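Colleague: give me coordinates for this.
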Amino acid sequence: MYTIKIPVFVESIKDSKSFYCEKTNLFEFVFDYGMDTILLSCVSNPTIQLVLSLENFSALDSPVFTLNVEDCKKMFDQFKISIPDYLISKEIFEYPLGKNFLIKDPSNNLILISEEMI
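Modeller: This next block holds a predicted model:
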């Protein structure tokens, strides 16, 4: 089995772990590597993993990753309640091949939530 590990630099491991695992329920904790680095696994597809590391960085203007979901509207509505301060998009952007919206994590990393219609 292959896995995709996405490095994500964060300002706080604790806040980021809470965001990804508890507030969004998109990921679950897998392993603590020590030295302020942990591994999270996507709940719906465990082959996709985030490696959260404490680093000095400047937040990017583009998403650090895209998460494709089955129902973009359902997730957007859920996030309006569970993480309203982290929603960047005020509405879902729809285009011929899908829809998407942006959220940010506690370290201001952008994440694109997308539903493809192909």
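Colleague: now do the buried residues in stretch 30-47.
Modeller: Buried positions in stretch 30-47, judged by neighbour count with 16 or more other CB atoms under 10 Å: Thr37, Ile38, Leu39, Leu40, Ser41, Cys42. Using the backbone N, CA and C atoms, a C-beta is placed for each residue, glycine as well.
Colleague: ah, wrong one, I meant stretch 80-90
Modeller: Here stretch 80-90 shows Ile83, Tyr86, Leu87 as buried, counting by 16+ other CB under 10 Å.
Colleague: contact partners for the second one?
Modeller: Contacts for Tyr86 (CB atoms under 8 Å, 6 or more residues apart in numbering) come out as Phe19, Lys23, Phe79, Ile103, Lys104, Asp105, Pro106.
Colleague: same check, this time on the first one
Modeller: By CB under 8 Å, 6+ apart, the contact list for Ile83 reads Phe19, Lys23, Thr24, Ile103.
Colleague: go again with 10 Å.
Modeller: Contact partners of Ile83, counting by CB atoms under 10 Å, 6 or more residues apart in numbering, are Phe19, Lys23, Thr24, Ile103, Lys104, Asp105, Pro106.
Colleague: name the SS class of Asp77, please.
Modeller: Here Asp77 is helix, with the state taken from DSSP: H, G, I helix; E, B strand; the rest coil.
Colleague: same question for Lys73.
Modeller: The local conformation at Lys73, judged by three-state DSSP, is helix.
Colleague: from Thr47, how far out is it?
Modeller: In this view, Lys73 and Thr47 are 26 Å apart by CB to CB, to the nearest Å.
Colleague: go on, Ile113?
Modeller: Going from Ile113 to Thr47 by CB to CB gives 19 Å.
Colleague: could you do Asn25 as well?
Modeller: Asn25 is 18 Å from Thr47, by CB to CB.
Colleague: quick one: find the helix or strand in the protein with the lowest mean pLDDT.
Modeller: strand 65-68 (a mean of 88; mean pLDDT, DSSP states H and E).
Colleague: before we move on, the earlier item: between the contacts of Ile83, which sits nearest Ile118?
Modeller: Ile103 (22.7 Å; CB to CB).
Colleague: pull out the buried residues from the helix or strand that contains that closest one.
Modeller: Ile103 belongs to strand 98-104 when assigned by DSSP states H and E. Buried residues in strand 98-104, defined by neighbour count with 16+ other CB under 10 Å: Lys99, Asn100, Phe101, Ile103, Lys104.
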